[in-house]
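Student: sequence and predicted structure below; questions after.
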Amino acid sequence: MPSFARLPASGIKVIIVGAGFAGLCAAIECDRKGHSVILLEKVSELKPLGDIISFSSNSGHIFERWEGVVDELEPLIHHSSGLDFYEWSGKFCTRQEWDYDKTWGRRINGHRGEIHDAVYRHAKARGIDIRLGQSVSEYFETESEAGVIANGEKLTADCVFAAEGVKSAGRKIVLGYEDKPRASGYAVYRTWFSSEELAKNERTKHLVNNGDTHSGWIGEDKHFLAASIKDGKEFSWVLTHKDDADIDEDWQFPGKKSDVLANLKGWAPIVHDLVNATPEDRLVDYKLVFRDPLPHFVSKGHGRIALIGDAAHPFLPTSIQGASQSMEDGVTLAITLQKSGKANVPRGVRAYEAIRYERVHRAQMTGVTTREQWHKADWDKIWKDPKMLHLKREAWLLNFDAETHAYEVVDEVLKKLDNDEVVKEDVIPKPTSHGIQAVLSQELDQLV
């Protein structure tokens, strides 16, 4: 049996609903800090589905603390040294190298299902109680406990983390009302497939025959990103474009290549080749939805239920931060519970919100600004300064270790909570016209 680092038992019992990356990370981190965890997942079988997912350097530190996981992922992840940008017509513009920020942390980019499977197996190896096929119909809390009804069974713990994504039923008990998602005005076509046929095509073979590559074609109100992986043997591409579909709660559909090609009319022939080489049954049409930034992540009643991951803060793909910020949530919560202790779990849950609230909303905004940077590009200016297309690599976001940061600030945050100081309003802008939350909400309103 492998040996895992773990602090002495804290006596704190945690229920986590949802075994995506947010839930799994929270479960692993709580286990590392000595808490007892039950992780509930609705599906009865976890299958390696999906396509590419990106974890930036701020989450690399988290993966590295999980014994053996990085070694397992290394053969599966993307290893290109930079991103090549092209104008939509095919003219090369600039290359953005990743070398300069490698010291900030490890980047983990690869197939969502394969990375998820590695993390899931690590959680199982740690002995975490993971229960599949669990349909949670109700959340509840009292002054002394919190819990859920799963498959008709009442389960209780000291606190509950809702990690079910933007559809999370936990949002209602935290917010006190039902909130509906709204269309963002954008959608993505996305896919993942073998690059065997691309290797035979004169226009596309350079993308797959020389190791991993990463390329982007930028046009008005749309961008097309493509990456080869596993030494070029597999390929993924994503097209983000305007979409006026009226979306309610279901937003993923089978994609049609004819629709993709219509969106790319007049674009570079190589982009059309990439689409034409895509197996039709591997193409997904994914509508991007939004929920307004939340006023709080923690239940107002007794403070024992917390939203984490997309349940608390859904991200646009162009942020390249959704998964990383979800992981930071779990790291922070595990530490605030550890430092607050069994006797005052709600205090620890509130400290999580205070530490995370401003940072995660600031990170959320990068999804809007990056997309607009590309979709509204002024090419006359870009040809004079091609680096205008480069992704912003900001130290406050990427050169960050959630565990180190939480330990640095948690004592002061807990002290302020003990003194009945409103920590979030003290260190985080209120949702006024000058606050991050309001700015983000205004940006989102302009999308629809």
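Tutor: It's in. Numbering: from 1, shown residues only.
Student: going by C-alpha atoms from here, please, whenever you check contacts or count neighbours.
Tutor: Will do.
Student: which stretches of this structure form helices?
Tutor: Listed in chain order, the helices found in the chain under DSSP state H are 21-32, 57-64, 69-73, 112-125, 170-175, 257-263, 269-276, 322-340, 345-375, 379-384, 395-398, 402-418, 423-427, 436-445.
Student: mind putting these in JSON lines, mean pLDDT and distance to Leu239 included?
Tutor: Written out in JSON lines, the entries for those read as follows (pLDDT from 0 to 100; distance: least, Cα to Cα, whole Å):
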{"stretch": "helix 21-32", "mean pLDDT": "98", "distance to Leu239": "24"}
{"stretch": "helix 57-64", "mean pLDDT": "94", "distance to Leu239": "24"}
{"stretch": "helix 69-73", "mean pLDDT": "95", "distance to Leu239": "26"}
{"stretch": "helix 112-125", "mean pLDDT": "95", "distance to Leu239": "17"}
{"stretch": "helix 170-175", "mean pLDDT": "85", "distance to Leu239": "30"}
{"stretch": "helix 257-263", "mean pLDDT": "95", "distance to Leu239": "8"}
{"stretch": "helix 269-276", "mean pLDDT": "98", "distance to Leu239": "10"}
{"stretch": "helix 322-340", "mean pLDDT": "96", "distance to Leu239": "18"}
{"stretch": "helix 345-375", "mean pLDDT": "91", "distance to Leu239": "12"}
{"stretch": "helix 379-384", "mean pLDDT": "94", "distance to Leu239": "20"}
{"stretch": "helix 395-398", "mean pLDDT": "92", "distance to Leu239": "25"}
{"stretch": "helix 402-418", "mean pLDDT": "96", "distance to Leu239": "31"}
{"stretch": "helix 423-427", "mean pLDDT": "46", "distance to Leu239": "37"}
{"stretch": "helix 436-445", "mean pLDDT": "39", "distance to Leu239": "20"}
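Student: any chance of the ones you listed in JSON lines with distance to Gly216 as columns?
Tutor: Supplementary listing: these in JSON lines, determined by distance: least, Cα to Cα, whole Å:
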{"stretch": "helix 21-32", "distance to Gly216": "26"}
{"stretch": "helix 57-64", "distance to Gly216": "21"}
{"stretch": "helix 69-73", "distance to Gly216": "25"}
{"stretch": "helix 112-125", "distance to Gly216": "20"}
{"stretch": "helix 170-175", "distance to Gly216": "36"}
{"stretch": "helix 257-263", "distance to Gly216": "16"}
{"stretch": "helix 269-276", "distance to Gly216": "10"}
{"stretch": "helix 322-340", "distance to Gly216": "20"}
{"stretch": "helix 345-375", "distance to Gly216": "10"}
{"stretch": "helix 379-384", "distance to Gly216": "15"}
{"stretch": "helix 395-398", "distance to Gly216": "21"}
{"stretch": "helix 402-418", "distance to Gly216": "30"}
{"stretch": "helix 423-427", "distance to Gly216": "38"}
{"stretch": "helix 436-445", "distance to Gly216": "24"}
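Student: need the single longest strand in this protein, by residues.
Tutor: If each strand of the chain is counted by residues according to DSSP state E, the longest one is strand 182-194.
Student: that strand - what's its average pLDDT?
Tutor: On average, the pLDDT along strand 182-194 is 86.
Student: report the contact partners of Val148.
Tutor: With contacts taken as Cα atoms under 8 Å, 6 or more residues apart in numbering, Val148 has the following neighbours: 136-140, 154-156.
Student: run a quick neighbour tally on the residue nearest to it when sequence neighbours are not counted.
Tutor: Nearest residue to Val148 in three dimensions, chain neighbours excluded: Tyr139, at 4.4 Å (Cα to Cα, 6 or more residues apart in numbering). Residue neighbour count, defined by other Cα atoms under 10 Å, stands at 22 for Tyr139.
Student: how about the one 3 residues further on?
Tutor: For Thr142, the number of neighbouring residues by other Cα under 10 Å comes to 12.
Student: tell me how far the residue lying closest to Arg356 once chain neighbours are set aside lies from Ser80.
Tutor: On the basis of Cα to Cα, 6+ apart, the spatially nearest residue to Arg356 that is not a chain neighbour turns out to be Asp329, at 7.1 Å. When Cα to Cα, to the nearest Å is applied, the distance between Asp329 and Ser80 equals 28 Å.
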